[in-house]
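>>> sequence and predicted structure below; questions after.
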Amino acid sequence: MATAQELSNFLAEVERRAYRQTAYAVRDEHAALDIVQDAMLKLAEKYGARPAAEFPMLFQRILQNTMRDFWRRQKVRNLWTSLLSSFGGHSADDDEHDPLETLETGQRSEDEPEAQLERSQTIAIIERAIEKLPARQREAFLMRYWEDMDVAETAAAMGCSEGSVKTHCSRAVHALAATLQHYGFNQQGLKKPGAGS
Amino acid sequence: MNQQESTVKLVVQALDASVENLDDDVIRRLATARERAVSAMQPQWQAAGHAGVFHSLGNYVLHHRLMTSAALLLGALALGFIVTQHVIGQHQLEQGDAFLLGSELPPEAYLDKGFDTWLQQNAR
């Protein structure tokens, strides 16, 4: 059985990644915070007595289910709001904004504000590529490579076979590689070719 | 390092960097959510320590109302069946005793297996 301290340590370790992961999926930072908070509570209330070693898989499973609940609610809500908002002045520019358009290149030092800006823009491009992945591919990729879960754990958390996890991961990596190549990134770090050292 | 590995490395590097640059407000809210979750775990631990089996049973009943109702109904049916069988059996015994006592033959005659054979032979 896990102690409260073990639970706290586990949550402290994963909470930020869980938040980012959820934000990529739901594309709403407030909703992402609520979802992560719900997932934390569910883990503590329902599975707090489980061994700490089971927490990563359980938490991911809860997080995915909580996201699905959110999407279900959103689907129902959108059904009603779309009828009312069809006359609204929603700008397509918000969705179509491409960080590459504002990406600046040049020879700069890592510490310079321009270099930091460039780095943050590069991160934004990669985050955008992650967001564009199909949901299952994104889930598999993030759990497998970012959360460092093995194939069996990822499969258990996603509720699918290990073969499906491998397929999702492979497709995600190919899609990301294609996106990065399209934007002209080299494979050595977070810099575009021709960017500063 | 092949292209796939380097893509994974590059993306994970960017994701790690994105986590490092979270807003202070988000970090604070995540910490608050964590503390709330950990405190939600506490009553469960205290309950397990103090109330033990009875509290666990109470929780089980609370969370499995349908199962508990079905089990209680089945138990009541089983108890009713046993009581009915017991009463019927007792009644049959009383009838058997009355038959034996009211019979012209002594009870020992019914226990003697040779008596049936003798009765059949004489009946012909």
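On my side now, so go ahead.
>>> could you list the buried residues of the helix or strand hosting A:Thr22?
A:Thr22 is part of helix A:4-26 when elements are defined by DSSP states H and E. Across helix A:4-26, burial judged by 16 or more other Cβ atoms under 10 Å in any protein chain shown covers A:4, A:6-11, A:14-26. Using the backbone N, CA and C atoms, a C-beta is placed for each residue, glycine as well.
>>> quick one: name the residues of chain B near chain A.
B:1, B:3-4, B:6-15, B:17-19, B:21-22, B:26-27, B:29-31, B:33-38, B:40-42, B:44-45, B:48 (Cβ under 8 Å from any Cβ of the partner chain).
>>> show the buried residues in those.
B:6-8, B:10-12, B:14-15, B:17-19, B:22, B:26, B:29-30, B:33-34, B:37-38, B:40-41, B:44.
>>> what about stretch A:51-69, near chain B?
No: using Cβ under 8 Å from any Cβ, we find that stretch A:51-69 stays clear of chain B, coming within 10.4 Å at best.
>>> immediately after the lowest-mean-pLDDT helix or strand in chain B, which helix or strand?
Every helix and strand in chain B was compared by mean pLDDT, DSSP states H and E; the lowest is helix B:52-63, with a mean of 62. Going down the chain from helix B:52-63, the next helix or strand is helix B:65-102, by DSSP H and E.
>>> mind giving me the packing neighbours of that following helix?
With contacts taken as 3 or more Cβ pairs under 8 Å, 6 or more residues apart in numbering or on different chains; DSSP states H and E, helix B:65-102 sits against no other helix or strand.
>>> longest helix in chain A, please.
Ranked by residue count and defined by DSSP state H, the top helix of chain A is helix A:55-85.
>>> which parts of that one are buried?
So for helix A:55-85, counting by 16+ other Cβ under 10 Å, buried means A:55-64, A:66-67, A:70.
>>> likewise for stretch B:102-113?
Going by 16+ other Cβ under 10 Å, stretch B:102-113 has no buried residues at all.
>>> what's that stretch in contact with?
With Cβ atoms under 8 Å, 6 or more residues apart in numbering or on different chains as the test, stretch B:102-113 has contacts from B:Leu100, B:Phe115.
>>> repeat that for stretch A:15-31.
Contact with stretch A:15-31 is made by A:32-33, A:35-36, A:39-40, A:59, A:63, A:67, A:70-71, A:127, A:130-131, A:135, A:138-139, A:142, A:146-147, B:15, B:18-19, B:22, B:26-27, B:30-31, B:33-34, as judged by Cβ under 8 Å, 6+ apart.
>>> alpha carbons of it, as PDB, please.
The C-alpha trace of stretch A:15-31 is given here as PDB (Å, rounded to 0.1, in the frame of the first residue of the first chain):
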ATOM      1  CA  GLU A  15       1.500  16.800 -12.700                       C
ATOM      2  CA  ARG A  16       3.200  19.200 -15.100                       C
ATOM      3  CA  ARG A  17       3.600  16.600 -17.900                       C
ATOM      4  CA  ALA A  18       0.000  15.500 -17.300                       C
ATOM      5  CA  TYR A  19      -1.100  19.100 -17.600                       C
ATOM      6  CA  ARG A  20       0.800  19.600 -20.900                       C
ATOM      7  CA  GLN A  21      -0.400  16.300 -22.200                       C
ATOM      8  CA  THR A  22      -4.000  17.200 -21.400                       C
ATOM      9  CA  ALA A  23      -3.600  20.700 -22.900                       C
ATOM     10  CA  TYR A  24      -2.400  19.200 -26.200                       C
ATOM     11  CA  ALA A  25      -5.500  17.000 -26.200                       C
ATOM     12  CA  VAL A  26      -8.200  19.400 -25.200                       C
ATOM     13  CA  ARG A  27      -6.600  22.600 -26.400                       C
ATOM     14  CA  ASP A  28      -8.000  24.500 -23.500                       C
ATOM     15  CA  GLU A  29      -5.600  25.300 -20.600                       C
ATOM     16  CA  HIS A  30      -8.400  25.900 -18.000                       C
ATOM     17  CA  ALA A  31     -10.100  22.600 -19.000                       C
END
